[in-house]
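K.L.:
okay, structure incoming, though there's no sequence with it:
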Ligand code: AMP
Ligand code: MG
């Protein structure tokens, strides 16, 4: 199959292609998505086939405005409605009851559907031209890091999909926060750039301070009795995710990095490794030949670059990627959810749960 490249001036054509059953990858503020018409069973099947994704791992459906909600979901509870109005467009996916017009193949057979309005001008324009809800998981083959640049989609999916919209690198670089309201409590199923503090603030401002908010990743209490813990896990968490094909290990401070390096270099003194970090370490045994240290300005920069740099290093034949794990001890609310989102993706890249 020939994969067409669409430039930003050609979104009308790309939108028409999606509406008529084609698959087109496009940038959003989080990662590139692989878009198909969410009303069509065959588009959903084609997405799973192109990605090699298990068909019980549901797709997120994208819409351009709140007035399209009724096309996708059957009834929105008041708490989800408030969060949608306050935080959309943005990196937040809400799990809601599915409308009958969305085929079960889009939601992996579930009675719920993940929905979001992306905060990106290219994605918005494409969604308006498509004029149907667009199912779009990350535009990578299953298990690979999500693409955050055009070249990553091209390298991974060229020849397997109908088109790719060529846009800039994505602004956030990690997948959306996934949230579900269940029996009057709010559960964060997957951490993303919108963090627990921001959600709490929206609820407070709406006079809903009493609503319990649970985020296992962010160290809140256990799930309340009487709710079903299976509802508070994304099906996707069962699968290997976000990993390059080379080894990845993590460290949290200078001492653990030194120990890790000693261990690795004992095994193989010529190891070709790269360290990705937000801190400079001056005492490392580096010779500069077979090693690289990448220092990011801050956590946002780290998040934006993480997948791109892992895939780049993989293609340059590095043997090991060593990731700085941002510990929870220093926390500032201005960071939003990026710290816990990074922690989650770094753990998964290392193969830890
Ligand atoms: P991706 O778009 O590739 O980041 O994957 C979407 C994530 O959303 C996966 O982890 C899915 O399991 C999760 N997801 C999508 N729809 C639902 C749903 N209805 N209920 C729970 N999780 C969902
Ligand atoms: Mg994905």
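P.N.:
Looks like it arrived, so ask away. All values reported here derive from a predicted model rather than from experimental measurement. Numbers count the residues shown, from 1 in each chain. Ligands and ions are numbered 1, 2, ... in the order given.
K.L.:
can you give me the helices for the protein?
P.N.:
Under the criterion DSSP state H, the chain contains helices at 11-19, 41-51, 69-72, 78-87, 121-130, 150-157, 196-205, 254-267, 299-315, 338-349.
K.L.:
quick one: closest of these to ligand 1.
P.N.:
helix 41-51 (8.1 Å; Cβ to the nearest ligand atom). For the C-beta atoms, the positions are set from N, CA and C on the backbone; glycine is no exception.
K.L.:
same question for the closest one, mean pLDDT?
P.N.:
Averaging pLDDT along helix 41-51 yields 97.
K.L.:
what angle sits between it and helix 11-19?
P.N.:
100 degrees (axes from the mean of the first three to the mean of the last three Cα atoms, to 10 degrees).
K.L.:
show me the shaky parts of the stretch 1-150 of the chain.
P.N.:
Scanning the stretch 1-150 of the chain for pLDDT under 70 picks out no residues.
K.L.:
and the strands in it?
P.N.:
4-6, 24-27, 32-37, 60-62, 92-97, 112-116, 134-135 (DSSP state E, counting those that start in this stretch).
K.L.:
mean neighbour count added to the ones you listed, as TSV?
P.N.:
TSV is the format used below for the strands of the stretch 1-150 of the chain (neighbours: other Cβ atoms under 10 Å):
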stretch	mean neighbour count
strand 4-6	17
strand 24-27	30
strand 32-37	30
strand 60-62	27
strand 92-97	24
strand 112-116	24
strand 134-135	30
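K.L.:
nearest to ligand 1, out of those?
P.N.:
It's strand 112-116; of these, that one is closest to ligand 1 (Cβ to the nearest ligand atom) at 3.2 Å.
K.L.:
hmm, that closest one touching ligand 1?
P.N.:
Yes: judged by Cβ under 6 Å from any ligand atom, strand 112-116 comes into contact with ligand 1 at 112, 113, 114.
K.L.:
now swap in stretch 16-27 and tell me
P.N.:
No: Stretch 16-27 lies out of reach of ligand 1 by Cβ under 6 Å from any ligand atom, never closer than 12.2 Å.
K.L.:
my read: residue 184 touches residue 211, true?
P.N.:
Yes: between residue 184 and residue 211 there is a contact under Cβ atoms under 8 Å: 6.7 Å.
K.L.:
before we move on, the earlier item: okay if I get the residues of strand 112-116 next to ligand 1 as a markdown table plus distance to residue 73?
P.N.:
A markdown table is the format used below for those (distance: Cβ to Cβ, whole Å):
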| residue | distance to residue 73 |
| --- | --- |
| 112 | 8 |
| 113 | 6 |
| 114 | 10 |
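K.L.:
which of those residues sits closest to residue 328?
P.N.:
Nearest to residue 328 among the residues of strand 112-116 next to ligand 1: residue 114, at 26.6 Å, using Cβ to Cβ.
K.L.:
hey, what's the closest one bridged with?
P.N.:
Applying DSSP bridges to residue 114 gives these bridge partners: residue 60, residue 95.
K.L.:
rewinding a little: and of the strands of the stretch 1-150 of the chain, who's closest to residue 271?
P.N.:
Residue 271 sits nearest to strand 32-37 of all the strands of the stretch 1-150 of the chain, at 31.8 Å, using Cβ to Cβ.
K.L.:
near ligand 1 at all, stretch 192-210?
P.N.:
No: counting by Cβ under 6 Å from any ligand atom, ligand 1 is not contacted by stretch 192-210; separation bottoms out at 9.4 Å.
K.L.:
which outside residues touch that stretch?
P.N.:
30, 79, 82-83, 86-87, 90-92, 172, 174-179, 186, 188, 211, 213, 215, 218, 220, 303, 333, 335-341 (Cβ atoms under 8 Å, 6 or more residues apart in numbering).
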